[in-house]
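J.: With the sequence up front, the predicted model follows.
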Amino acid sequence: MKIAIIGTGYVGLVAGACFSDSGNTVTCIDIDRKKTDALKRGEIPIFEPGLETLVKRGVAEKRLYFTSTYAEAIKEAEIIFLAVGTPPLASGEPDLSYLKAASEELGRSMNGYKIIVNKSTVPIGSHRTVAEWIAPHTSHPFDVVSNPEFLKEGTAIEDFLKPDRVVIGTEKEEVYARMADLYAPFVRQGNPIVWMDPISAEITKYACNAFLATRISFMNELAVLCEQVGGDIEEIRRGMSTDVRIGKHFLYAGAGYGGSCFPKDVQALMATARKQGIPMGIVSSAEAANARQKRHLPTKIKNHFGPRLDGKTFGVWGLAFKPNTDDMREAPALTLIDELTAAGAKVRVFDPVAMDNAKKMIGEKATFCNSSYEVLESSDALVVITEWNEFRHPDFERIKNTLKQPVIFDGRNVYNPAQLRELGFTYYGIGRR
Ligand SMILES: NC(=O)c1ccc[n+]([C@@H]2O[C@H](COP(=O)([O-])OP(=O)(O)OC[C@H]3O[C@@H](n4cnc5c(N)ncnc54)[C@H](O)[C@@H]3O)[C@@H](O)[C@H]2O)c1
């Protein structure tokens, strides 16, 4: 099939690379010309394991193209994906200005019937809004499908090539059939393509993210309770996750969830509910618990060192909101660094891939180091905020000898508390004994 994808970010680029890898001809469109030029040269603008190989293969085999202009790509395409960003406004509602601009430009470039697929995460009813934005700019017929994306940054390629399920929201059987055909190579092992109406598809996306965020917040609240009453959240997690009704995913207590999706989508769902006058207490509480949790680790640091941290330096391992990505959006590291520096501390940081993105967001607030061990020099304590694999088995003797004081704040529960205490560290996890 011939496909166009509008928006070449974490979702659009991964989708483009994966669709081209299954034999389709794909053109990725982005208004950011620097990005499309770099991609044409084979430079990948984001860190995502496995992506570079697929992009290079698609380009070399002339199945994957990049452009900053719509006309040609839209004319040739049978199916056009919208994958532009929908970042949150101050109100919590998503900013739809990128989606509107993309829809209008798409409408102007149409030369015949098109299937238009909304892959951006959008407010409920947006398939109709997108159609209303397109219609004044074209005389050609089209259908708008809702096809939310469930990939996870860090494992995006695997998630896209082997999805748990694909959700397709359309009322028309023939449109569903085309979409199912496109996705068939990815569901050969029998994972379902779930066909539903577009509104239900839009809600499904928000429901998944809000539910997963709620699981994390639930565990984080229990972890804080454990710290007061003496339980160990890791033992509790193991006790819970073996219950098949609960399952093992997204039950890890830590420094709070971040990223471009959970915080934004939870807020968007709350904003929709507010508009409709529907109480959504569970989701609102998950969001409030997460805001508290992001401040929990800095609070523990202040409980140890005192409320003012002047003259103290903290070495921070990790910046990205989770491992295997360079995405810094809503990362708990941002709250940590804000709270520590506001209390007078200095902060030294290292992340294997998110340093460039972090520099844009925190600039002078931190000293960016070249390695995890350089971070420790002249630091009073180590704080782990992203559980990159390379931080899991460090040289603890070296850490102890380099830090001014052998203190570790483990915001992701990666270490064994008993082992670290035996090695002579003062250790703080989240909800650990
Ligand atoms: N990142 C994720 O893990 C993830 C997962 C599932 C769903 N989503 C959703 O997918 C959508 C895209 O997210 P993302 O993380 O890929 O965003 P992103 O910010 O990484 O990428 C968006 C891209 O769209 C481009 N763009 C903006 N306006 C444009 C226009 N008018 N024409 C062409 N290109 C334009 C931008 O230049 C940018 O490259 C969002 O709605 C998001 O909620 C994201």
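T.: Done, it's in.
J.: okay, CA-based contacts and neighbour counts for the rest of this
T.: Noted.
J.: what about stretch 107-126, how long is it end to end?
T.: Criterion CA to CA, to the nearest Å; first-to-last residue distance in stretch 107-126 is 16 Å.
J.: which SS class is V316?
T.: For V316, the assignment made with DSSP: H, G, I helix; E, B strand; the rest coil gives strand.
J.: From V283, how far out is it?
T.: V316 is 30 Å from V283, by CA to CA.
J.: Repeat that for K302.
T.: The value you get for K302 to V283, if CA to CA is used, is 29 Å.
J.: tell me the phi and psi of the residue lying farthest from the centre of the chain?
T.: Computed with CA atoms, centre = their mean, the maximum C-alpha offset from the centroid of the chain is found at S139, amounting to 37.4 Å. Reported as degrees, to the nearest 10, the phi and psi values for S139 are phi -100, psi 0.
J.: those strands in the stretch 201-350 of the chain, which residues are they?
T.: For the stretch 201-350 of the chain, the strands defined by DSSP state E, counting those that start in this stretch cover 313-317, 346-350.
J.: OK, contacts around D159?
T.: F150, L151, K152 (CA atoms under 8 Å, 6 or more residues apart in numbering).
J.: Could you confirm it falls within a helix?
T.: Yes. Assessed with three-state DSSP, D159 lies in a helix.
J.: From what I see, F250 and T214 are in contact.
T.: No. F250 is beyond contact range of T214, at 9.2 Å (criterion: CA atoms under 8 Å).
J.: Comparing those two, which residue is more hemmed in?
T.: T214 (24 against 15; other CA atoms under 10 Å).
J.: Distance check, the more buried one against V414.
T.: The gap separating T214 from V414 is 22 Å, by CA to CA.
J.: With D37 instead?
T.: D37 is 40 Å from V414, where distance means CA to CA.
J.: now do D310
T.: In this structure, D310 and V414 are 28 Å apart, going by CA to CA.
J.: Look at those two and report which has more neighbours.
T.: Comparing D310 with V414 by other CA under 10 Å, the one with more neighbours is V414, at 18 against 14.
J.: for the more buried one, helix, strand, or coil?
T.: V414 - assigned by three-state DSSP - is coil.
J.: wait, what's in contact with it?
T.: By CA under 8 Å, 6+ apart, the contact list for V414 reads E387, R392.
J.: for the lengthiest helix in the chain, the distance to its chain's centre please.
T.: Ranked by residue count under DSSP state H, the longest helix found in the chain is helix 198-229. Counting by CA atoms, centre = their mean, to the nearest Å, helix 198-229 is centred 15 Å from the centre of its parent chain.
J.: Report the buried residues of it.
T.: Buried positions in helix 198-229, judged by neighbour count with 16 or more other CA atoms under 10 Å: 198-207, 209-224, 226-227.
J.: Stretch 78-98 now?
T.: Residues of stretch 78-98 classed as buried: 78-88, 92-96 (neighbour count, 16+ other CA under 10 Å).
J.: what's it in contact with?
T.: 1-9, 11-12, 74, 99, 102-103, 113-123, 260, 264, 267-268, 270-272.
J.: among the residues you listed, which are in reach of the ligand?
T.: With CA under 6 Å from any ligand atom as the criterion, these include I6, G7, T8, G9, V11, G12, A102, S120, T121, S260 near the ligand.
J.: Present those residues as CSV; the columns should include pLDDT, distance to L376 and secondary structure.
T.: Listed next are those as CSV, based on pLDDT from 0 to 100; distance: CA to CA, whole Å; DSSP: H, G, I helix; E, B strand; the rest coil:
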residue, pLDDT, distance to L376, secondary structure
I6, 98, 43, strand
G7, 98, 40, coil
T8, 98, 37, coil
G9, 96, 34, coil
V11, 98, 36, helix
G12, 98, 38, helix
A102, 98, 46, helix
S120, 97, 41, coil
T121, 96, 40, coil
S260, 90, 29, coil
